[in-house]
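Asker: 3D, please:
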Amino acid sequence: MAVLGLGLAALGRPEYLTVGHGAALGADRSVDALRTRCEQVCDAAWAGGVRWFDAARSYGLAEQFLSGWLTGRDVPADDITVSSKWGYTYTADWQAHAEVQEVKDHSAAALARQWPQTEALLGPWLRLYQVHSATLESGILDDKAVLRDLAALGVPVGLSLSGPGQADTLRRALGVQVGGAPLFSAVQATWNVLEPSAGAALGEAKAAGWTVIVKEPLANGLLAVPGPATRALGDHPDVTALAAALAQPWADVVLSGATTVGQLRSNLTATTAPAPDPDRLTGLAVDPGTYWNRRSALRWT
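Answerer: I've put the predicted structure just below:
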């Protein structure tokens with residue numbers, strides 16, 4: 001069975017596109033308030049047995065917050081796995097309702113700029129560096145210069161995926177080599193009971209020896225609270241949805257995107273919950289194109 005990790009997408013910046021994010025943060029979204037909140041959630045995760053923490057250059061100050069927590073708690077490098085990502089730049093600059101929150105750039109120049117920033121903050125703990133939201137359209141898998149630069153970093157390299165073409169991108173990435181050796185060894189993909197279309201390809205990655213990380217198992221908060229859309233998941237939909245992801249035979253890590261200590265503790269109960277009956281989840285999946293269109297329409301709050 002997979003283990004639960006903590007993703008910091010909603011903890012490193014004052015706005016995110018998780019349903020209910022703004023209400024969970026409250027009125028004080030200063031840097032100091034977010035740093036304190038991030039440290040509190042990391043403390044609760046650590047106390048609950050979480051040992052995988054995932055960040056990105058575009059998650060506001062998430063890498064900085066995580067670095068401060070790791071240093072302040074004197075966490076030994078051998079006791080934790082930290083992963084991060086490059087390829088997006090956070091542009092909102094802590095401004096509320098910024099028209100553009102982040103900008104995607106998979107160029108060699110972006111890698112050359114962002115890798116040293118990540119290494120300086122997380123170097124002793126970093127175990128995986130990922131291309132952020134790789135797609136066939138971004139051209140990253142055909143850019144030989146960038147692929148060579150990734151291979152030369154000295155850390156395992158992976159890629160995160162996004163959009164309805166996740167499976168196609170992953171299958172293409174499985175064949176990418178640099179110097180006659182496979183470049184990638186890990187994938188982070190969206191999988192949840194609403195959008196399970198990448199499952200077969202993730203199984204292929206697992207069979208190839210890759211580490212498989214599930215992101216957005218709660219569909220950006222849509223599966224987090226009871227309501228008409230989650231009736232089939234019972235009284236604690238977050239637990240059921242996470243348990244479904246944890247039970248996938250190809251999954252190694254499932255990332256909680258908790259914004260509060262309460263959410264994190266609720267998510268942790270999924271690690272001991274029984275896997276839900278697949279028949280109970282029948283009919284929840286939607287067309288991938290529809291799912292991703294709805295996701296892109298979510299508001300940053």
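Asker: what pLDDT does the residue positioned nearest the centre of the chain get?
Answerer: Centroid-nearest residue in the chain, with CA atoms, centre = their mean: K215, separated by 4.3 Å. On the pLDDT scale, K215 is placed at 98.
Asker: and it, bridged to which residues?
Answerer: T190 (DSSP bridges).
Asker: where's it relative to Q117, distance?
Answerer: 22 Å (CB to CB, to the nearest Å). Heads up, the C-betas are built off the backbone N, CA and C, glycines and all.
Asker: Run a quick neighbour tally on the residue lying closest to L170 once chain neighbours are set aside.
Answerer: In this structure, L170 finds its nearest non-sequential neighbour in A201, 4.5 Å apart by CB to CB, 6 or more residues apart in numbering. Using other CB atoms under 10 Å, A201 has 22 other residues around it.
Asker: repeat for V212
Answerer: V212: 26 neighbours (other CB under 10 Å).
Asker: what about it, helix or strand, and which?
Answerer: strand 211-215 (DSSP states H and E).
Asker: what residues does that strand touch?
Answerer: 2, 5, 7, 52, 54, 83, 128, 158, 160, 185-191, 202, 205-206, 245, 248, 250-255, 257 (CB atoms under 8 Å, 6 or more residues apart in numbering).
Asker: what mean pLDDT would you report for stretch 26-42?
Answerer: For stretch 26-42, the mean confidence score works out to 97.
Asker: Mind jotting down where the helices sit in the stretch 51-200 of the chain?
Answerer: Along the stretch 51-200 of the chain, the segments classed as helices by DSSP state H, counting those that start in this stretch run 62-72, 108-122, 144-151, 166-173, 199-207.
Asker: Equivalent analysis for the stretch 201-301 of the chain, please.
Answerer: Under DSSP H, counting those that start in this stretch, the stretch 201-301 of the chain gives helices at 237-246, 261-268, 278-281, 288-296.
Asker: Which secondary structure elements does the third one sit against?
Answerer: So the one you mean is helix 278-281. Contacts defined by 3 or more CB pairs under 8 Å, 6 or more residues apart in numbering; DSSP states H and E place helix 278-281 against no helix or strand at all.
Asker: Pull the distance from it to the chain's centre.
Answerer: Here the centre of helix 278-281 is set off from its chain's centre by 25 Å, with CA atoms, centre = their mean, to the nearest Å.
Asker: List the buried residues in stretch 231-241.
Answerer: 233, 236-241 (16 or more other CB atoms under 10 Å).
Asker: Then stretch 216-227?
Answerer: 216-224.
Asker: And stretch 38-54, by the same measure?
Answerer: 38-39, 41-42, 44-46, 48, 50-54.
Asker: and K206, how many residues sit next to it?
Answerer: K206, neighbours per other CB under 10 Å, totals 17.
Asker: Let me see the contact set for the closest residue to it other than its chain neighbours.
Answerer: Nearest residue to K206, sequence neighbours excluded (CB to CB, 6+ apart): W250, at 3.8 Å. Taking CB under 8 Å, 6+ apart, we find W250 in contact with 199, 202-203, 205-207, 212.
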